[in-house]
Each structure stands twice: as structure tokens, then as C-alpha cells.
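Peer 1: got a predicted structure here, sequence first:
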Amino acid sequence: MNIHEYQAKALLRDFGVAVPAGQVAYTPNEAAKAAEALGGDVLVVKSQIHAGGRGAGHFAEQPDGKGGVRVVKLGANGSAQIADTAAAMLGHTLVTKQTGAAGQEVRRLYIEAGVDIARELYLALLIDRASSRVTLIASTEGGMEIEEVAEQTPEKIIQASIDPVAGLQGFHARKIAFALGLQGAQIKAATAFLTSLYQAFTALDAALLEINPLVVTGEGEIIALDAKMNFDDNALYRQPQIAALRDEDEEDPAELAATQ
Ligand code: ADP
Ligand code: MG
């Protein structure tokens, strides 16, 4: 089962993973209220659909080149700007590399604090069926699809396999941090980030947790700017708080009928 970015970030935040402040909005009015609550000079309006590639995607009816993730610099009436941006996205069909040509209707938005990005990195945790272990995957090529990196520059992908009894250890975190070119206090921040991420992954019976991009901010903080989570359907009986996040609008009708 998949969940939305904003839901994944709320779960991760509870485990101590660093994510930007944000609020979900179903209407332009809610988006304006979120903007007022969040404050700041820059907000990002993010389409919530269960498909990636939103930033590089486009709306079917609005070939104005604007994508499914919009950075808004706020002027005097910032909340009205956010409401307008929300109105241009809600109820419209977003087409991305992952939705196919038919696209997906945007019914929810995530209004998020704008982050000053110094570097975009890639991080994922997944179950490696061959070794029956959780595997950490990292790359300096954040923002790019990992399949593309694997094809074009496989040497830029680093992996670490985690012993289920010992769990994530300091040496795993140091290996990843070093390969990502992190330095000084960032290594400590990355270790804390990875430890929380691994705890969330195992405690929630996740099958995939992808942070793309993981960013280093201008101030040197390590933050999850995007979050994709997928859960083991066979474990949902013991994860009722995850099962409750199911969004039937996003699911394949045949899969949904089979689950029911
Ligand atoms: P997707 O992967 O579906 O395109 P992302 O959440 O990765 O969506 O966003 C796409 C891009 O938009 C990011 O790589 C980043 O450059 C930018 N972005 C996303 N969220 C923020 C944010 N809170 N602040 C600044 N830039 C952002
Ligand atoms: Mg992304």
C-alpha cells in the first residue's frame, strides 16, 4: 500500500526524522489558512498524488509549463497567492512520467515551508529479498530517478546491508555519510537522520522508504524534502494507523476490489 508524501512526512516526524513544516489542504481556502499558519517568505505548493515526478510533470489542461510542485515567493498578500496557486492545481489532472498519459487528478495539496537547498542527495531503505535484509541505498544524484542513475552512473550508488539483529550501526551511517561527501556536523546529523529513518521503517513494516531528494540546507542541516513510503500489505493487520491512511482515489480499482 502507498501513502501520500504529507502522510509519510507526518509519520517520519514522529520518529524524529527532520522534515520541513507543512500542512495538508483540500481547498484553496485551506491552502490560504495553511500559508498564514506557516508564515515565511517562500512556500511550496505540492500536489499530493501517489506518483513521483510531480515537479517535472505538467497539468493536462494548463500547458503553461508549470508543474505539480510550485515554489511561491510571497509578497504583501501571500495567503491569496497561495490560494490562487492552489485553485490552479486542485481538481486538475497532473501528468508525470509515473502517472502515464491519463494523469491523475489532484485532490489534496501539501503547503510546505520553502527550504534553502545547498545539495540534493538520494536515500532509500528497502527490503532486499535476496539477502532478506533491509538495504540502505544512497547516491549523490538527488532529484534523479534511481533507475536512471543505476543505468548511467552505477558507480554513484552506494549500498549497505543491515543485519536485522544488530540493526543500523554507526559504521553504516559513516559509510553513507562519507560517500555522500558530508562533513563535520553533517555526519552527526546524517547519523541521527538515518537512525530515525531505520526505526520508522522497521516499526511501521515498510517495504520501501525513498527520500528523493534528501537535502543539505544552506545552514548545513540534513532534511527530507520528499518522502515516498510503501507498506507490506501482509502486515497491515497490525498497523491500523497505516491502514487508515489508504486513499482509495489513488488506487487501481482492480487492486482495491481484490483487497476488499
Ligand atoms: P517529485 O519527486 O514528485 O518531483 P519533490 O518533492 O521531490 O517531488 O519535489 C521536486 C523538487 O521541488 C525537489 O527536487 C526540490 O528541488 C523542489 N522542492 C520540493 N519541496 C521543496 C521545499 N519544501 N522547498 C524548496 N524546494 C522544494
Ligand atoms: Mg522527489
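Peer 2: Cool, the structure landed. Ligands and ions are numbered 1, 2, ... in the order given.
Peer 1: please enumerate the helices of this structure.
Peer 2: Ranges of helices within the chain are 5-14, 28-38, 78-89, 146-152, 170-179, 185-203, 240-243, 253-259, based on DSSP state H.
Peer 1: those helices into a markdown table, with extra columns for mean neighbour count and distance to G53?
Peer 2: No exception for glycine: its C-beta is placed from N, CA and C like everyone else's. What follows is these, written out as a markdown table (neighbours: other C-beta atoms under 10 Å; distance: least, C-beta to C-beta, whole Å):
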| stretch | mean neighbour count | distance to G53 |
| --- | --- | --- |
| helix 5-14 | 21 | 13 |
| helix 28-38 | 19 | 22 |
| helix 78-89 | 20 | 15 |
| helix 146-152 | 12 | 11 |
| helix 170-179 | 17 | 25 |
| helix 185-203 | 19 | 22 |
| helix 240-243 | 13 | 24 |
| helix 253-259 | 10 | 21 |
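Peer 1: which of these sits closest to ligand 2?
Peer 2: Closest to ligand 2 of the helices of the chain is helix 5-14 (C-beta to the ion; 8.3 Å).
Peer 1: give me the neighbour count for the residue in the chain that ligand 2 sits nearest to.
Peer 2: Nearest to ligand 2 in the chain, going by C-beta to the ion, is D226, at a distance of 3.4 Å. By other C-beta atoms under 10 Å, 22 other residues sit near D226.
Peer 1: likewise the one 5 residues further on?
Peer 2: The criterion is other C-beta under 10 Å. On that basis, F231 has 21 neighbouring residues.
Peer 1: distance of Y6 from L245?
Peer 2: 10 Å (C-beta to C-beta, to the nearest Å).
Peer 1: L209 too?
Peer 2: 14 Å.
Peer 1: do the same with I176
Peer 2: 28 Å.
Peer 1: repeat for G220
Peer 2: For G220, the distance to L245 - C-beta to C-beta - is 32 Å.
Peer 1: ok, those two, which is more surrounded?
Peer 2: L245 (17 against 13).
Peer 1: wait, S47 sits on L94?
Peer 2: Yes: between S47 and L94 there is a contact under C-beta atoms under 8 Å: 5.3 Å.
Peer 1: identify the contacts common to these two.
Peer 2: Here S47 and L94 have 54, 57, 68, 106 as joint contacts, going by C-beta atoms under 8 Å, 6 or more residues apart in numbering.
Peer 1: hang on, the earlier thing: how about the helices of the chain in TSV, adding distance to L121 and mean pLDDT?
Peer 2: Output for the helices of the chain, formatted as TSV (distance: least, C-beta to C-beta, whole Å; pLDDT from 0 to 100):
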stretch	distance to L121	mean pLDDT
helix 5-14	16	98
helix 28-38	25	98
helix 78-89	27	97
helix 146-152	11	92
helix 170-179	10	95
helix 185-203	9	96
helix 240-243	26	96
helix 253-259	32	75
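Peer 1: looking at those helices, which is nearest to S161?
Peer 2: helix 170-179 (8.8 Å; C-beta to C-beta).
Peer 1: now for that closest one, which elements pack on it?
Peer 2: Applying 3 or more C-beta pairs under 8 Å, 6 or more residues apart in numbering; DSSP states H and E, one finds that helix 170-179 contacts strand 133-139, strand 157-162, helix 185-203.
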